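Undergrad: Coordinates for the following, if possible.
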Amino acid sequence: MSTSPSLADLSRLYQTEFVRSARAVGALWAVCSLCFAVIQVVILVQPSWIGTTNARNQPGGQQLPSGTMGLFEVCLESDWPVPDCRGGLSSLSPLPSFQSVAVLVGVSLWAVWTSVLCLCLFRFCGAATVYKICAWLQLTAGFCLALACLLFPDSWESPEMRTLCGDSVSSFSPGNCSVHWAYILALLGVLDYAILATLAFVLANRQDALLPPDSQEVTAGLLMTA
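TA: Residues are numbered from 1 along each chain as shown. The predicted model follows:
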């Protein structure tokens, strides 16, 4: 007569299956966090938040320059293959009208890279604790980036924008310009941070709910040695 497995054996088997699935989901979450941390650097430094459109004449017939603009740099098209850029991240001084936006993006960048560095804590702390720390950091990064995306259109009424986009520029109205890929990437980043933070909270709650306290350290070691 066959004997059914004991409750302890079933619990141990269930924990093993959980660890296997958590390894895959946790690895995917970590890779996505690292990838978007790199993308966040591109968002900060690239002069492609806003740029000119094809319509380059003002109503009075004045010819406007063509180019793009970021938080730190304005690049105008010239007769040379390389655009004429003014400013840059090397001066650590954002454009006056975008200082608040640059600070918020910088704080978001710090938060997401701190969450990436916190992945090293899996060797020293419980997995649930690390996931929660990273989740709160990613929520902070997403909140700051969302504020930056909201403040950016409100800062368009500036001398730099009028030079590039014409006198019809005003808050939330880019005149003869349009938003470019860096700003769109920042908007997508807000959604990405929300998804990553939610996934981190889910992984943390599953660790707390399914694993007994004395096995959390062992599970954290298994997650790192996968």
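Undergrad: what about the nearest residue to residue 116 once chain neighbours are set aside, which helix or strand?
TA: Nearest residue to residue 116, sequence neighbours excluded (Cβ to Cβ, 6 or more residues apart in numbering): residue 37, at 5.0 Å. C-betas here are computed from N, CA, C, even on glycine. According to DSSP states H and E, residue 37 maps onto helix 7-45.
Undergrad: What lies in contact with the following helix or strand past that helix?
TA: Going down the chain from helix 7-45, the next helix or strand is strand 50-52, by DSSP H and E. Where contact means Cβ atoms under 8 Å, 6 or more residues apart in numbering, the residues beyond strand 50-52 that reach it are 64-69, 156, 161, 164-165, 174, 176-180, 183.
Undergrad: among the residues you listed, which ones are buried?
TA: Burial by neighbour count, 16 or more other Cβ atoms under 10 Å: within these this picks out 64, 66-69, 156, 161, 164-165, 174, 176-177, 179-180, 183.
Undergrad: before we move on, back to that, can you give me the mean pLDDT across the helix holding residue 37?
TA: The average pLDDT within helix 7-45 is 78.
Undergrad: now the helices for the protein?
TA: Taking DSSP state H, the helices of the chain run over residues 7-45, 99-117, 127-154, 159-165, 181-210, 216-224.
Undergrad: tell me the mean pLDDT over the last one?
TA: By that I understand helix 216-224. 46.
Undergrad: ok, now the second one?
TA: Model confidence over helix 99-117, given as mean pLDDT, is 95.
Undergrad: Can you mark which positions in it are buried?
TA: Here helix 99-117 shows 101-109, 111-116 as buried, counting by 16+ other Cβ under 10 Å.
Undergrad: What is it packed up against?
TA: helix 7-45, helix 127-154 (3 or more Cβ pairs under 8 Å, 6 or more residues apart in numbering; DSSP states H and E).
Undergrad: Can you add distance to residue 120 and mean neighbour count and give those back as JSON lines?
TA: Compiled in JSON lines, the helices and strands packed on helix 99-117 are given as follows (distance: least, Cβ to Cβ, whole Å; neighbours: other Cβ atoms under 10 Å):
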{"stretch": "helix 7-45", "distance to residue 120": "11", "mean neighbour count": "15"}
{"stretch": "helix 127-154", "distance to residue 120": "9", "mean neighbour count": "21"}
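Undergrad: To residue 193, which of the ones you listed lies closest?
TA: helix 127-154 (3.0 Å; Cβ to Cβ).
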